[in-house]
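Engineer: Sequence first, then the predicted structure:
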Amino acid sequence: MIALITGATSGIGRATAEAFADLDYRLILCGRRQDRLVELEQELGAQIPVITLNFDVRIRDEVEQAIDSLPDDWKAIDILVNNAGNAHGLSSIQNGDPDDWDQMIDGNVQGLLYVSKAVIPGMVARKRGHIVNISSIAGKETYANGAVYCASKAAVEALSAGMRLDLTQHGIKVTNVAPGAVETEFSAVRFKGDTQRAAKVYEGFTPLQAEDIADAIVYAVSAPSRVTIADITILAGAQAAATTIYRK
Ligand code: NDP
Ligand code: 8X3
């Protein structure tokens, strides 16, 4: 099996790469931080064949060129994990920064589309494939100060459903994964490097770990061919809804 994971340099994407390596998948690992890609290639490359691709999912030409550059024996991608994405800022709509909005809409929505567009035609031709889109509980519920991030993830929910409608007839499965609060670099990115503020997000309860989401992805992609895992929502043990978290 060949799997391509976007956002493999950190958090959920990295944990998924490690879990897939344990399944002996060949891995195409993507991200922008070259030092992390090199590290991944060294670590996981000792276990399974790894290729890394450095591109920004928001830039269509970069996406197309990177995926086009794959050697022929790596082009038959079986699994695409559309994971790259982030929140930028936590602001009311009236105080929101349009640069943050651009990053979220371009990264979480356009980026997912560009990567999918580069991979899906091959899957259709081969009549097989599995696409895993990483959405969020924020795609199912909108919370105050999160309108644009929530909208970007609501778009992922719609794209997962739409892709499944269009692609099932071509032998391609689509799984939507909607995590709750996962302790990764997510909040540090959202708060622009303010790690103290980021740490507060996970105070007083035990948040999900990236490995928990990777486990669910492995479950979805390992299911027998007669089974499509369409949608998985995973909340932290102390979490009842996006912003309802019981803290000690
Ligand atoms: P991290 O910040 O740890 O990881 C984000 C990853 O996305 C990094 O590998 C980053 O790589 C990559 N990325 C971000 N923007 C771009 C871009 N423009 N081009 C290419 N790669 C990009 O966060 P998580 O692991 O938590 O996030 C992964 C996904 O999970 C995201 O889609 C997020 O929205 C979603 N999610 C996270 C939750 C959480 O609580 N943590 C909950 C629900 C969903 P690099 O910087 O090297 O490019
Ligand atoms: C990340 C989870 O609740 O911070 O998607 O939006 S949340």
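Structural biologist: Sure thing, it's come through. Residues are numbered from 1 along each chain as shown. Ligands and ions are numbered 1, 2, ... in the order given.
Engineer: Could you find the closest non-adjacent residue to residue 152?
Structural biologist: Leaving aside its sequence neighbours, residue 152 sits nearest to residue 108 (C-beta to C-beta, 6 or more residues apart in numbering; 3.9 Å). C-betas here are computed from N, CA, C, even on glycine.
Engineer: just checking, that neighbour is part of a helix?
Structural biologist: Yes - counting by DSSP: H, G, I helix; E, B strand; the rest coil, residue 108 is located in a helix.
Engineer: OK, contacts around it?
Structural biologist: When contacts are counted by C-beta atoms under 8 Å, 6 or more residues apart in numbering, residue 108 touches 85, 86, 149, 152, 153, 155, 156.
Engineer: dump the residue contacts of the last one.
Structural biologist: What that stands for is residue 156. Counted by C-beta under 8 Å, 6+ apart, residue 156 has contacts 82, 108, 109, 112, 133, 134, 135, 136, 139, 176.
Engineer: Repeat that for the first one.
Structural biologist: Listed by C-beta under 8 Å, 6+ apart, the contact set of residue 85 reads 7, 104, 107, 108, 111, 112, 134, 152.
Engineer: give me that answer again for 6 Å
Structural biologist: Going by C-beta atoms under 6 Å, 6 or more residues apart in numbering, residue 85 touches 107, 108.
Engineer: What distance do you get for residue 53 to residue 37?
Structural biologist: Residue 53 sits at a distance of 8 Å from residue 37 (criterion: C-beta to C-beta, to the nearest Å).
Engineer: Mutual contacts of those two, please.
Structural biologist: In contact with both residue 53 and residue 37: no residue, using C-beta under 6 Å, 6+ apart.
Engineer: Model confidence at the residue nearest to residue 152, what's the number?
Structural biologist: Predicted confidence (pLDDT) for residue 108: 98.
Engineer: give me the residue from the protein nearest ligand 1.
Structural biologist: Residue of the chain nearest ligand 1, by C-beta to the nearest ligand atom: residue 11 (2.2 Å).
Engineer: so after the longest strand seen in the chain, what's the next helix or strand?
Structural biologist: For the chain, the strand with the greatest residue count under DSSP state E is strand 172-179. Past strand 172-179, further along toward the C-terminus, the next helix or strand under DSSP states H and E is helix 186-190.
Engineer: Any part of the helix or strand just after that following helix near ligand 2?
Structural biologist: Under the assignment DSSP H and E, the closest C-terminal helix or strand after helix 186-190 is helix 195-201. No - remark: helix 195-201 sits outside contact range of ligand 2, by C-beta under 6 Å from any ligand atom, the gap being at least 7.2 Å.
Engineer: Output helix 195-201 as PDB, nothing but the C-alphas.
Structural biologist: C-alpha atoms of helix 195-201 as PDB (Å, rounded to 0.1, in the frame of the first residue of the first chain):
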ATOM      1  CA  THR A 195       2.700  28.500  24.000                       C
ATOM      2  CA  GLN A 196       1.500  29.600  27.500                       C
ATOM      3  CA  ARG A 197      -1.900  30.500  26.100                       C
ATOM      4  CA  ALA A 198      -1.800  27.300  24.000                       C
ATOM      5  CA  ALA A 199      -1.100  25.200  27.100                       C
ATOM      6  CA  LYS A 200      -4.200  26.600  28.900                       C
ATOM      7  CA  VAL A 201      -6.400  25.000  26.200                       C
END
